[in-house]
Structure formats: C-alpha cells, structure tokens
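1. Pasted the sequence and its predicted model underneath.
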Amino acid sequence: MEVVRIERLTKVYGSGRTAVTALRDASLTADGGELVALLGPSGSGKTTLLTSIAGIIEPTSGRIRIGDIPLYDDGWLVRDLPRFRREHLGFIFQSHNLVPFLTARENVLVALEINGHKGRAAVAIAQELLDYLGVGERQHHLPEQLSGGEQQRVAIARALANAPQVILADEPTAALDTDRGKSVMAMFRQIARDKGSAVICVTHDQRMIEGFDRIYRVNDGRVTDGNALDHAPATAEQH
Amino acid sequence: MNLAIRDVRQHWGRFILSCIGVGMLLTLVLSFAGIYNGLVADALALIDSSGADLWVVQKDTRGPFAEMSRLPEDIRYRITVIPGVRQASPYIFYTVQRPHDGRLLRFVVVGYDLGTGLGGPTRVVAGRPIAQAHYEMVADQKLGLRVGESIRLGLHDYTVVGLTRGMVGSGGDPVVFFSFQDAEEIQFVKDNWAIRNARQRALAAYTRALPAQPTLATGLARTFADNPERHNVNAILVRLAPGADRAAVAASIDRWEYFTAYTTTEQSDLVLSGSVALGRRQTGLFRVLLIIIATVIVAQIIYTMTLEKLKPIALLKLIGAPNRMIVGLVFQQSLSLGILAYLIALVIGNLTFDKWPRRVIVGPADQLLLLAIVLVICLVASGMGLRRALRVEAGTALTG
C-alpha cells in the first residue's frame, strides 16, 4: 500500500537573481513496509526533500500525500503540522538525536506523552520498544552514557513510539562503523516488516545501498530512478 | 513528565549555585523591607511603651524626639491640676557616647519619674526595675552590659540593676533608663575641673565688668558657674483620667503660651514623618533597584539555560511537541529558580537578621509580598527565554 506520494515537488529558496532551486519537480513514492533510500551528494536537495515531507519547510509547488492525507498541494492542507508530525511521522538523525537531559526510557516516553500516552501504559510501551531494539537494559542511562549505536537504537525506539506510517531518517548510519551501520539497516528492515512503516532514508553511505528496497537518486534538486530492488517487503501489522 | 526538573537534574550544581546567588539577592530585598519595619519599630518603641496620652513640649517645637525641646521640670505640677489629667511626669531624652571598659558605649538616656512610671521600662527581662532615685539604671541588653555592672557617668558610678529587650532610640542606639533626677545630673552637673574652668572664665568676665567690686564679681562668677539650669526636662508626659477628652486637655495646655501638647498619635506621626520617612524612601529605592537587578539576573540565567537547550527544543518540536510543552519547560525552570531562591532567602533571613546591626523585622506580609514579587520576576524573566525558545525552527534539529 502506498503511504507516501510526492508529485512534482519544487522548492526555491530566495527570489529574483538570488533564487536557488533546491528541488525541481521531484516525485517519489514509498509503500508501507518498504525501505527507501534518497541517495545523493551533499547539497543535492536530499534534506530539503526530507524536511518538506516532514512539514518543516514549505515547498514552492507540488503535492505531498502521506497515507490518505493530502499534506501539501501548492500550499499546506494540514493546519496543525506539529500534530500531523507526531501522529504520522517518526524521525531519526545522524547525531544530536536524543534529548540529552532525558534517560533512554524518558526519550521514548516523551514522544509517547506528546502523542497522548501517559502513565504505566506509556512506560510499558517504552519498555517494549527498548527491549525490541535491544537496549532495554540501558533504559536508565543518559545519552552521554550510551554508545553511538545504542543512542541510534534509542532514537529508533522513539521514532517508533507513535507507530508512524512513515519514518524519516537523515543519514542514520553516517556516524556508525560498517558493522553497526549494517545492524541499524537490519533493524530498519525488521521494523518495516514488523510495523508496516515506510522508512525513507537520506544517505550518501554507499555501504548501505544493498539494504534498501527502492533507491532514488537526488542530484541538483532532481529526483530520478526509483528502482525497486528484488527483495519485496512484507507488510505486517502496525505497532 | 516534567522536562524542567529533568534538565535541572543534569546541571543541578550550577542550578543550585544560581539559586543561592539569586536567593542572597532576594535576602537583601527582604532585608530592606525588614530594615524599614525596624526603623519604624525603633522610632516608636519609646513612644509606644511610654504609657502617655499626651506629650507636652516646648512651644512650637516638635520634641523631644524630632527636635530639641526644653521646659522647666516643675511645670508638671501645673499640668497635673488640669481637669482630666491623672498624672504628669517629667521625661528626659538625650544621646551620650562614653568610653567604658575599653570600648565606646553609645546609648540613649531616658530619665523618667519612678513614682508614675510614665516613660520608664515596661518590661525588664533580667534583674529588676529601678528601685531608688539614684545610681541605678536599667539598660537594654543590646548595649552589652550585665546586671551588676557599673559605669561612670559624670560624677558618679551607676549600676545596671535590670535589662530590657528591644528598647532602642530612633537611631537604633540602645536605651538606658535612669530616674529623671539622675538623668538631669548626668546631663547638667559639671565635674570639678569643669566647674573650676567655668569659674575662671566667669570671673574674668565679671572682673572686667565690675573692676571696682571684686567680691561681687567673685560671687556672681561662682553663682553662674556652679548653678546651671539643671532642672529642665525635655517633655512632660501626661496620662489622662478615664473618660477625659484628649483633644480638650491638649487644647487647654496649648492655650498656655509656653507649651505645645501632642497626642501620642501626633507624636508618632512627628517621628515617622521625619528621619524615618527619609529612611523609607531610601530603603524603597534600594528595594526597587534590587528587584530590577534580580529580574535581570534571573532573565540572564533563564536565557542562557534556554540557549543551551535550543537543540533539544528543536528536537521536541520536530517530534511534534506542542508549544505549551516548550513554554512549560522554560517557565517551570524560571519558577523553580525563583521559588528555590525565595526559600533560600527566607532561610538566610531567619538565620541572620537577628545578628544585623540594625533591627530587621520581617513579617508574614513581607514574606508574601516577596513571594508575589518573585513570581512576577519569574514571569518577566522567562519572557526573553520563551521568545527565543518559541522561535526555534523544528528543522534546526535536522540541519544542525
């Protein structure tokens, strides 16, 4: 089932002679349970595309649909973007991706609380997610007490807290060595299968390409390709 | 989940230090209220404890506290016979500074009539009240003298027979009570050296004026030098008979050409509108300045704490945190800082105000007022941090 559809998305920063076109008629789709890569060099427009999907920066024109909700059609169609983000999207970044003054469990709990889950039920979900990602025993540690890989797992747990339709990941493996990077990719694959979420990763990490179901190449603001690789995803019940 | 407390938990040492700093500043704010209260209490201590209904002073003066007043001691007998007057009693008030036991004692001498007790000590906390008309005194314990200790004043030694607590003059100097006879003598009776000196100066003057009458000149000089106007007092305190009309009695005394009568309320107003009013303006000014300084400091602390959290705030916004969560984070930290600093100020105040050189009286009203001020400070101070926090773009979490 298609959960992300981007059509002819354009983003122009500035105006007149100083205008810079970051995205030019970019289009892509992602299905539930699918691992999608946005591959391209720095400054190619990957992050602009990702932040547009996240409702953080406003595109100049085009259309964005997440699930059955039209998000953008030459203008925002959703008024409460923060609420849309917390209900439909999950985020994972390269670094600085955990709140430094919260423990691993609290980092997950805060996402749950933002989404309206409170009390013991929220704690149980956080515990379950941390166990699922193999960092349950580190739940009372602050981010600074965790390794890079552990931090990334906690960030993934947080991203999963609201059972999002789409997980947006910005260079999730860039700060990790090859083994840990592959481990994270394996985790994404498992999440995509288990939870049925579409995982869209911005990356220029060539080491990880094999792990994706579909790869879009972003170059100079243009999105091309979108080859579906052989291993088709299996959808599963959402968390 | 309280994000403010969790953030503080990570920097609790620095946070507590900030609280202590602001708390000490708030202690000063509180102390200025207390100092003003102390000024008022000190200024009114003698008036309130005097037991007088009327204060008769020299005509057109505002004595005896606000300015010098001098009137004959025997006027008390004339006042006593006025209808409505139950008792009239002499009252002496002046400040002395004398060396004693290697240190300088500064105190207010109050002379009162032992018979009526008007103007005398109302409560002796150690020893006993004055029992004889001479050579005994009751001192406030702030002076540091012990019961049984003697000090030399003028020609005689005076022994402390009792101690009072909290009896000070408007300048904060401890009060020492004497019989009015002793108070007169300490003030006016000269020692032998002074008498000899006065005789010589008077003799020189009279000899020049009466060169042909040396015996007369000598006699006049001796009279002038030896018998100063010592039977003067500073006020006559009047206690009215039950049911007497205070205003009517005061008006009847005012009709005499040489005296003015104030009710106790008027006497209090005279004192409070003088130096105390100046002190009130001064402490009020300091208080306002300190509140402004505290606001600026708290604002700086909260702003700096907010700047350090911009990245986590952006992250929280990115994952959909509503603005109220961000506002709560900043405002609750400001409030925690303020409330903790307030409690520290109360503790420091309670532990130290008794030891301050001047009396500091802080009541529940002052404490509540400070709490209200602290809440306003927190509200104002968090504004700058809130403005910065709410302007953070969620995308900052992604783009760095």
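-> Received it, and whenever you're ready, just let me know what you need. Just so you know, these numbers come straight off a predicted model, no measurement behind them.
2. ok, and for the longest strand along chain B, which residues are buried?
-> Longest strand in chain B by number of residues, with DSSP state E as the criterion: strand B:85-100. With burial defined by 16 or more other CB atoms under 10 Å in any protein chain shown, the residues of strand B:85-100 counted as buried are B:85, B:87-93. Using the backbone N, CA and C atoms, a C-beta is placed for each residue, glycine as well.
3. Redo these as TSV? Include distance to chain A.
-> Converted to TSV, the buried residues of strand B:85-100 look like this (distance: CB to the nearest CB, whole Å):
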residue	distance to chain A
B:85	76
B:87	73
B:88	75
B:89	72
B:90	73
B:91	68
B:92	69
B:93	64
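4. what two of these have the greatest distance between them?
-> Maximum pairwise distance among the buried residues of strand B:85-100 (CB to CB): 21.0 Å, between B:85 and B:93.
5. How much space separates residue A:196 from chain B?
-> Computed as CB to the nearest CB, to the nearest Å, the residue A:196 to chain B distance reads 20 Å.
6. pLDDT below threshold where in chain B?
-> In the predicted model, chain B carries pLDDT under 70 at residues B:189-190, B:226-230, B:257, B:399-400.
7. What's the nearest residue in it when you look at chain A?
-> residue B:320 (2.5 Å; CB to the nearest CB).
8. Any figure for the gap between that residue and residue A:166?
-> Note on residue B:320: its distance to residue A:166, by CB to CB, to the nearest Å, is 13 Å.
9. three-state assignment of residue 182?
-> In the absence of a named chain, chain A is used. helix (DSSP: H, G, I helix; E, B strand; the rest coil).
10. Next: residue A:26.
-> With three-state DSSP as the criterion, residue A:26 reads strand.
11. Surely it and residue A:44 touch.
-> No - in this structure, residue A:26 is not within contact of residue A:44 by CB atoms under 8 Å, at 10.7 Å.
12. pLDDT score for residue A:229?
-> pLDDT recorded at residue A:229 is 50.
13. Just the element for residue B:265, please.
-> Assigned by DSSP states H and E, residue B:265 belongs to helix B:264-271.
14. Who are the contact partners of residue B:147?
-> Contacts for residue B:147 (CB atoms under 8 Å, 6 or more residues apart in numbering or on different chains) come out as B:126-127, B:160-163.
15. Pull out the buried residues from the residues you listed.
-> Taking 16+ other CB under 10 Å as the criterion, what is buried in those is B:127, B:160-163.
16. Taking the residues you listed together, which two end up most distant?
-> Of all pairs drawn from these, the widest gap by CB to CB lies between B:161 and B:163 and measures 9.0 Å.
17. can you tell me the residue of chain A closest to chain B?
-> residue A:86 (2.5 Å).
18. more neighbours, residue A:26 and residue A:44?
-> Legend: neighbour count by other CB atoms under 10 Å in any protein chain shown for residue A:26 and residue A:44, higher for residue A:26 (25 against 22).
19. before we move on, back to that, just confirm the residue of chain A closest to chain B is within a helix.
-> Yes - Residue A:86 forms part of a helix when assessed by three-state DSSP.
20. Can you give me the neighbour number for it?
-> 23.
21. Is residue A:63 in a helix, a strand, or coil?
-> Assignment for residue A:63 (three-state DSSP): strand.
22. and the angle from the helix or strand where residue B:27 lies to helix B:264-271?
-> If you go by DSSP H and E, residue B:27 is part of helix B:12-50. Relative orientation of helix B:12-50 and helix B:264-271, computed by axes from the mean of the first three to the mean of the last three CA atoms, to 10 degrees: 130 degrees.
23. quick one: whichever helix or strand comes after helix B:12-50 to helix B:264-271, angle?
-> Going down the chain from helix B:12-50, the next helix or strand is strand B:54-58, by DSSP H and E. In terms of direction (the same axes, to 10 degrees), strand B:54-58 departs from helix B:264-271 by 50 degrees.
24. Output the contacting helices and strands for whichever helix or strand comes after strand B:54-58.
-> Next helix or strand after strand B:54-58 toward the C-terminus (DSSP H and E): strand B:71-72. If contacts are counted by 3 or more CB pairs under 8 Å, 6 or more residues apart in numbering or on different chains; DSSP states H and E, strand B:71-72 sits against strand B:54-58, strand B:232-233.
25. what's the most buried one of those?
-> Comparing the helices and strands packed on strand B:71-72 by mean neighbour count (mean count of other CB atoms under 10 Å in any protein chain shown), strand B:54-58 ranks first with a mean of 27.
26. Residue B:317 and residue A:55, how far apart?
-> In this view, residue B:317 and residue A:55 are 11 Å apart by CB to CB.
27. Secondary structure class of the closest residue to residue B:141 other than its chain neighbours, three-state.
-> Nearest residue to residue B:141, sequence neighbours excluded (CB to CB, 6 or more residues apart in numbering or on different chains): residue B:163, at 4.6 Å. With three-state DSSP as the basis, residue B:163 sits in strand.
28. Spit out the contact partners of residue B:163.
-> Per CB under 8 Å, 6+ apart, neighbours of residue B:163: B:124-127, B:138-141, B:145, B:147.
29. could you redo the last one with a cut-off of 6 Å?
-> B:125-127, B:141 (CB atoms under 6 Å, 6 or more residues apart in numbering or on different chains).
30. Any buried residues in the strand or helix carrying residue A:52, and which?
-> Using DSSP H and E, residue A:52 sits in helix A:46-53. Burial within helix A:46-53, assessed by neighbour count using 16+ other CB under 10 Å, is assigned to A:46-53.
31. for stretch B:283-296, same thing?
-> B:283, B:286-287, B:290-291, B:294-295.
32. Which of these fall in strands?
-> Per DSSP E, the buried residues of stretch B:283-296 never map to strands.
33. Make a markdown table from those and add distance to chain A to it.
-> Supplementary listing: the buried residues of stretch B:283-296 in a markdown table, determined by distance: CB to the nearest CB, whole Å:
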| residue | distance to chain A |
| --- | --- |
| B:283 | 41 |
| B:286 | 38 |
| B:287 | 36 |
| B:290 | 32 |
| B:291 | 31 |
| B:294 | 26 |
| B:295 | 26 |
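34. Dump these into JSON lines; add distance to residue B:49 as well.
-> Listed next are those as JSON lines, based on distance: CB to CB, whole Å:
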{"residue": "B:283", "distance to residue B:49": "24"}
{"residue": "B:286", "distance to residue B:49": "29"}
{"residue": "B:287", "distance to residue B:49": "29"}
{"residue": "B:290", "distance to residue B:49": "33"}
{"residue": "B:291", "distance to residue B:49": "34"}
{"residue": "B:294", "distance to residue B:49": "37"}
{"residue": "B:295", "distance to residue B:49": "41"}
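35. now the helices: where do they sit in the stretch 101-250 of chain B?
-> B:180-188, B:192-209, B:214-226, B:246-254 (DSSP state H, counting those that start in this stretch).
36. First-to-last residue distance for stretch B:347-357?
-> 19 Å (CA to CA, to the nearest Å).
37. swap in stretch A:166-183?
-> 20 Å.
38. what residues does it touch?
-> The contact list for stretch A:166-183 (CB under 6 Å, 6+ apart) reads A:3-4, A:50, A:54, A:89-95, A:148-149, A:159, A:184, A:197-203, A:205, A:207-208, B:398.
39. if we can go back for a sec, and the helices and strands packed on strand B:71-72: which comes nearest residue B:307?
-> That would be strand B:54-58 among the helices and strands packed on strand B:71-72, by CB to CB, at 62.4 Å.
40. rewinding a little: of residue B:320 and residue A:166, who's got more company?
-> In this view residue B:320 and residue A:166 are compared by other CB under 10 Å, and residue B:320 has more residues nearby, 24 against 21.
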